[in-house]
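*Asks:* Quick one, what's the 3D model for this:
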Amino acid sequence: MSNDTQKVWFITAANKGLGAATAREALALGNKVVAAARNPESVIQALGESPDLLPVKLDVTDDAQVRAAVAAAMERFGRIDVLAHVAGYGLIGYFEEMSETLIRKQMETNLFGAMKLTREVLPIMRSQRSGLIIGVSSTSGVRAVGGGSVYSASKFALEGWLEGMHVDLAPYGIRCMIIEPGAFRTDFFNTATSFAFSDLEIDDYREQRAALYNLMVSQHGKQPGDPARFAKAVMQAVTSPNPPLRLLAGKAAVSTIDKHLAERRAEYAAWSAVSAACDFE
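*Replies:* Alright, predicted model coming up:
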C-alpha cells in the first residue's frame, strides 16, 4: 500500500478479539493504528510494537480519557481516517431480572460510549472532508433472540444512529458502516471479560435462566467465526469502490438474517391491507 493510500485507524477494544484482529490486519496492509484499550499494555502484548502503532488508554464511558486518546492520536499521526467502534459486551438475561443499573451500564458502553468518542472525532473528519465510522453491531442488532432483549436494544440503537449519521454526514465526505457479526471465536461468552448475566432472580424465570446461562457459556471457544477472516472481510469492504452500509459477517449470520428478513416481508405482505387502511380517505 502506497503512502498516499495509508489510513489512520482508531480502533477501540484493540487488545483482543475482533478489535485486535482488525488492528493486526490494518497494520499488515500498511496503515497506522491507534489501538485503544482500558489497559494499553495489553495492546502491546496482543499486537507487538511498531512505529505505526499507538496504544492509548481508553474507557469509552470516560470523558477525560476520550479527549486524551483522540488528542494523542492527532499529536502522533495528525489525522483520523477510520474510527472503528469495537468496544462493547453482551448483557444476557431476562429483562425483569436486570437492575436498572445493569441496563444503563449496557447502554453506556455499547451506545453512548460510541457516541461520546464519535463526537470527539467528527470535527477532525469534517475538517478533512473525509472519514469512515464503523460500528460493530451484531445479528442481534437486526433481530432479537430470547434472553437478549437489552443487548439487542443497545445494538438496534447503534444501528439506527449510524444509519442516520450515514445520511447526515454524506455532504462532508464521511461514511458509516455497520458490521453485523454472528458468533466469532473471541471471549464474548467469557463471563470474566465480555459477557454479563442478569443480576436479579425471579422464581418464574428459574429454569429458563439456568438453561440460558448454560447455553451461553457452552459456546465459549466453539464459535465458528474466525476473527482473522473477519478482519480481512472488513478491509475488503472498506476499500471497495462501492462499500456497503451494512455487512453481515459469518455464514450463520447470512442464513439467519436472510430467513428473518423473508419472514418479515411475508408478515408485511399479509397485513398490507390493514396497514394501508390507516390513512384518511
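
*Asks:* right, and Ala69 touches Ala36 too?
*Replies:* Yes: Ala69 is within contact range of Ala36, at 5.6 Å (criterion: CB atoms under 8 Å). In short, each C-beta sits where N, CA and C put it, glycine included.

*Asks:* buried stuff in whichever strand or helix holds Ala231?
*Replies:* Using DSSP states H and E, Ala231 falls within helix 227-238. Neighbour counts using 16 or more other CB atoms under 10 Å place Pro227, Phe230, Ala231, Lys232, Ala233, Val234, Met235, Ala237, Val238 of helix 227-238 among the buried residues.

*Asks:* So for Ala69 and Ala36, which residue has more residues nearby?
*Replies:* Ala36 (32 against 26; other CB atoms under 10 Å).

*Asks:* quick one: low-confidence parts of the stretch 101-250 of the chain?
*Replies:* Low-confidence segments of the stretch 101-250 of the chain (pLDDT under 70): 184, 186-194, 220-221, 224.

*Asks:* Settle this for me: Ile257 is touching Ser138, isn't it.
*Replies:* No: using CB under 8 Å, Ile257 is not in contact with Ser138, being 10.7 Å away.

*Asks:* okay, and the common contacts of those two?
*Replies:* Residues touching both Ile257 and Ser138 by CB atoms under 8 Å, 6 or more residues apart in numbering: Glu180.

*Asks:* Have a look at these two and say which one is more surrounded.
*Replies:* Ser138 (27 against 17).

*Asks:* And for the more buried one, nearest residue in space, chain neighbours not counted?
*Replies:* Lys155 (5.0 Å; CB to CB, 6 or more residues apart in numbering).

*Asks:* what sits against the one you found?
*Replies:* Taking CB under 8 Å, 6+ apart as the test, what Lys155 contacts is Asn110, Ser137, Ser138, Ser140, Gly141.

*Asks:* Equivalent analysis for Ser149, please.
*Replies:* Contacts of Ser149 by CB under 8 Å, 6+ apart are Tyr94, Phe95.

*Asks:* Okay, it and Glu263: tell me how far apart.
*Replies:* Ser149 sits 19 Å away from Glu263, going by CB to CB, to the nearest Å.

*Asks:* Would you check that Arg246 makes contact with Glu180?
*Replies:* Yes: the pair Arg246 / Glu180 is scored as a contact, 6.2 Å apart, by CB under 8 Å.

*Asks:* So between those two, which is more surrounded?
*Replies:* Legend: neighbour count by other CB under 10 Å for Arg246 and Glu180, higher for Glu180 (23 against 18).

*Asks:* who's that one bridged to?
*Replies:* Leu248 (DSSP bridges).

*Asks:* how far away is it from Tyr94?
*Replies:* 24 Å.

*Asks:* Same question for Ser130.
*Replies:* In this view, Ser130 and Tyr94 are 44 Å apart by CB to CB.

*Asks:* same question, Val70
*Replies:* 38 Å.

*Asks:* Same question for Leu117.
*Replies:* Taking CB to CB, one finds Leu117 at 30 Å from Tyr94.
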